[in-house]
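J.: this one's structure only:
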């Protein structure tokens, strides 16, 4: 538990239609690093180091969160997977969230692990927990004032649910990521629940 004071509370329930959906950093390295370790994959040292940096030494975006508190409408850290956090933001805010797969910030090291295991790198990015990145929504009119480096991955709209668009199709995004007290919640041997 943490107790404190703030001038403006940044919650999970403040996303508004028209907001941009943004993320800090890159996505998927934490899960990709776990998969390398779990499956004993042989990868180049440079790739392993890039993945293990995120997997073994995550850095919380506390400073970025403080800076965003004056501009963002809603935010949450990506601890259980981007997919789960987006569903939580949409549900708590009573909105629909649309994400574009091609805009997700996925490093090539994640793609290499995905290819080695026959997985989709987008699935890894959406399901990867313990990222310690932030996903937040911000009015488009305030984007130029945004004080943190981020990637725009989608938009908030009226409605409900979370959707992802690729070049070929628009799909309802499944809830993917860490399920507490479920040993098989991220078993990649079962394969991803959906391909993009």
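T.: In hand now; what should we look at? For clarity, every value in this text was computed on a predicted model and none was experimentally measured.
J.: While we're on residue 8, how confident is the model there?
T.: We have a pLDDT of 80 for residue 8.
J.: what bits of the chain have low per-residue confidence?
T.: Scanning the chain for pLDDT under 70 picks out the ranges 179-196.
J.: What segments of it are strands?
T.: Listed in chain order, the strands of the chain (DSSP state E) span residues 19-23, 74-77, 96-100, 134-139, 151-157, 161-165, 170-172.
J.: what sits against the residue most central in space within the chain?
T.: Nearest residue to the geometric centre of the chain (Cα atoms, centre = their mean): residue 82, 2.9 Å. By Cβ atoms under 8 Å, 6 or more residues apart in numbering, residue 82 lies in contact with 23, 27, 104, 125, 126, 127, 128, 131, 135, 177. C-betas here are computed from N, CA, C, even on glycine.
J.: Same list, the strands of the chain, but as a markdown table with mean neighbour count and distance to residue 48 please.
T.: Output for the strands of the chain, formatted as a markdown table (neighbours: other Cβ atoms under 10 Å; distance: least, Cβ to Cβ, whole Å):
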| stretch | mean neighbour count | distance to residue 48 |
| --- | --- | --- |
| strand 19-23 | 24 | 24 |
| strand 74-77 | 22 | 25 |
| strand 96-100 | 21 | 29 |
| strand 134-139 | 24 | 26 |
| strand 151-157 | 19 | 24 |
| strand 161-165 | 20 | 29 |
| strand 170-172 | 11 | 32 |
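J.: Now that we have those, can you turn them into TSV and tack on distance to residue 108?
T.: TSV is the format used below for the strands of the chain (distance: least, Cβ to Cβ, whole Å):
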stretch	distance to residue 108
strand 19-23	18
strand 74-77	25
strand 96-100	19
strand 134-139	22
strand 151-157	15
strand 161-165	21
strand 170-172	24
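J.: Could you point out which of those sits nearest residue 9?
T.: Judged by Cβ to Cβ, the one of the strands of the chain that comes nearest to residue 9 is strand 74-77, at 10.6 Å.
J.: by contact count, what packs against that closest one?
T.: Applying 3 or more Cβ pairs under 8 Å, 6 or more residues apart in numbering; DSSP states H and E, one finds that strand 74-77 contacts helix 62-68, helix 82-93, strand 134-139.
J.: For residue 147, find the nearest of these.
T.: Closest to residue 147 of these, according to Cβ to Cβ: helix 62-68, at 4.3 Å.
J.: Relative to residue 4, how far out is residue 128?
T.: Distance, residue 128 to residue 4, by Cβ to Cβ, to the nearest Å: 29 Å.
J.: which of the two has more neighbours?
T.: Using other Cβ atoms under 10 Å, the more surrounded residue of residue 128 and residue 4 is residue 128, with 31 against 4.
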